[in-house]
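Novice: Coordinates for the following, if possible.
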Amino acid sequence: GKDAATNVLSFPFQPPPGAGAEAAAYLGDVVLAAETIAREARERDLAPIAHLQHLVVHGLLHLMGFDHGTDVEALRMERVEAQILATLGIADPHADASA
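Specialist: Got it, this is the predicted structure:
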């Protein structure tokens with residue numbers, strides 16, 4: 001509902017009435033804007049693959065119910081992102097923003 005460019009969109013799956021249990025396992029779709037992600041990586045001097053992985057995690061967390069509409073929600077989501085990315089060997093993308 002925002003009139004602005006973005007780097008990632010998440011579309012939660014809504015199972016149709018009567019759908020089987022297998023439908024519940026499908027979270028939804030994550031759409032990534034390749035040109036925007038590449039530009040952001042260049043502008044922020046980030047490794048493109050690390051920025052891409054961050055945004056995949058970000059989009060998946062949205063599908064799992066996380067949001068960043070408030071400061072409290074954003075902090076919670078950023079902490080989970082950082083924990084997941086650390087398991088992939090990727091530095092916390094929010095470390096500079098909070099310093």
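Novice: So for H94, what's the nearest residue that isn't a sequence neighbour?
Specialist: Excluding its sequence neighbours, the residue lying closest to H94 (Cβ to Cβ, 6 or more residues apart in numbering) is E78, at 4.5 Å. Every C-beta, even on glycine, is put in place using the N, C-alpha and C of the backbone.
Novice: Then P16?
Specialist: A23 (7.7 Å).
Novice: Now for the one you found, how many residues are close by?
Specialist: Neighbour count of A23, defined by other Cβ atoms under 10 Å: 12.
Novice: What of E78?
Specialist: Neighbours around E78, by other Cβ under 10 Å: 20.
Novice: Find the helix or strand that it is a member of.
Specialist: helix 71-87 (DSSP states H and E).
Novice: residues making contact with that helix?
Specialist: By Cβ atoms under 8 Å, 6 or more residues apart in numbering, the list of residues contacting helix 71-87 from outside reads 50, 53-54, 57-58, 61, 66-68, 91-95.
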